[in-house]
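Participant: Sequence and predicted structure are below.
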Amino acid sequence: MRVPLFQIDAFTKRLFAGNPAAVMVLPSFPNNATLQAIAAENNIAETAFLVERDGQYQLRWFTPAVEVPLCGHATLASAAVVMERLEPGRKCVIFQTESGPLTVQGKEDGYVMDFPSRPCEKVATPPRMAAALNAVPVEVYRGHHSYLVVLSDAQTVRALTPDLAAIAALDRPGVIVTAAGDERYDFVSRYFSPARGNPEDPVTGAAHCMLAPYWGAITGKSTFHAYQASRRGGEVLCRLSGDRVELEGSCVFYLEGYAEI
């Protein structure tokens, strides 16, 4: 079967930055083993699989190693595929996902995604956390999927060289590190998820579903210009809205073609 395949850099306005995502458009979902094999073959941060149903789209996300319940950058990339390639001129799409309906609105220079916020609770620093990060946490918070670790300053976040094997052995599949921003950013972050097949994810929408509520509680603000300080780097505009988080970003198409599956 020959199906459309796109590769897109998300949360950026220039090529070779942001977070790469593959988006594959399917008539129906094959079995999970096939989906996982395709994601492993693509071997980038995330592969999104789209199936159209009655004007809406079912959406699933796979890293090279596992299926995940929520992915921001691959949702952003999927919205770009729908509104710029499959249905040019469409301004809104609702994706049906494991995390519920996700609405994405098109703007002149990007897209706004409506995501569920992810609460977290403050905890004592896990015994192995400092050694895993090669840095001393100021505070540690625990969510359902990830730890959120607050570090002393943005430069410490940028320079971090963690022990990825030690991070993979923690009891959460992801670790977000963050600090108050520098330059023009409200906060900076990085995200490590080696247990899910992504040693460091370049720009992580789902992480900002934890980061924005955390920084909102700390600062009293509801809007943030955030930067994920990976090697590729990417910018995310975040807005708090009750128990939801709006994430805004841009996409750049890198590759368009077909795959045989």
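Facilitator: Happy to help now that I have it.
Participant: my read: residue 45 touches residue 198, true?
Facilitator: Yes: the pair residue 45 / residue 198 is scored as a contact, 5.5 Å apart, by CB atoms under 8 Å. Glycine gets a C-beta too; all of them are placed from N, C-alpha and C.
Participant: Which one's more surrounded, the two?
Facilitator: Legend: neighbour count by other CB atoms under 10 Å for residue 45 and residue 198, higher for residue 45 (27 against 23).
Participant: just to revisit the earlier point, quickly list what's touching both of residue 45 and residue 198.
Facilitator: residue 63 (CB atoms under 8 Å, 6 or more residues apart in numbering).
Participant: Which positions within stretch 174-190 qualify as buried?
Facilitator: If you call a residue buried by 16 or more other CB atoms under 10 Å, then stretch 174-190 has these buried ones: 174-181, 185-190.
Participant: typo on my end, stretch 89-99
Facilitator: Going by neighbour count (16+ other CB under 10 Å), the buried part of stretch 89-99 is 93, 95, 97, 99.
Participant: same check, this time on stretch 8-21
Facilitator: For stretch 8-21, the neighbour count (16+ other CB under 10 Å) marks 8, 9, 10, 11, 12, 17, 18, 19, 20, 21 as buried.
Participant: So the fifth one lies in a helix, does it not?
Facilitator: In this case it means residue 12. No: if the criterion is DSSP: H, G, I helix; E, B strand; the rest coil, then residue 12 is coil and not within a helix.
Participant: Let me know the pLDDT of the spatially closest residue to it that is not a sequence neighbour.
Facilitator: Spatial nearest neighbour of residue 12, chain neighbours left out: residue 18 (2.9 Å); criterion: CB to CB, 6 or more residues apart in numbering. Looking at residue 18, its pLDDT reads 98.
Participant: ok, now residue 145?
Facilitator: pLDDT, residue 145: 92.
Participant: now swap in residue 200 and tell me
Facilitator: 98.
Participant: what about it, neighbour count?
Facilitator: For residue 200, the count of nearby residues is 19 (other CB under 10 Å).
Participant: next one: residue 141
Facilitator: Number of residues near residue 141 (other CB under 10 Å) recorded here: 19.
Participant: separation between it and residue 39?
Facilitator: According to CB to CB, to the nearest Å, residue 141 and residue 39 sit 29 Å apart.
Participant: just residue 123 next, same as before
Facilitator: In this view, residue 123 and residue 39 are 32 Å apart by CB to CB.
Participant: between these two, who's got more neighbours?
Facilitator: The residue with more neighbours, out of residue 123 and residue 39, is residue 39; 26 against 13, by other CB under 10 Å.
Participant: Please identify which helix or strand holds the more buried one.
Facilitator: According to DSSP states H and E, residue 39 maps onto helix 32-42.
Participant: Where does residue 119 sit: helix, strand or coil?
Facilitator: The local conformation at residue 119, judged by three-state DSSP, is coil.
Participant: Make 12 the first number, not 1, from now on.
Facilitator: That works, and once the first residue is 12, the last one we named lands at residue 130.
Participant: hang on, it packs against residue 153?
Facilitator: No: between residue 130 and residue 153 there is no contact under CB under 8 Å: 10.1 Å.
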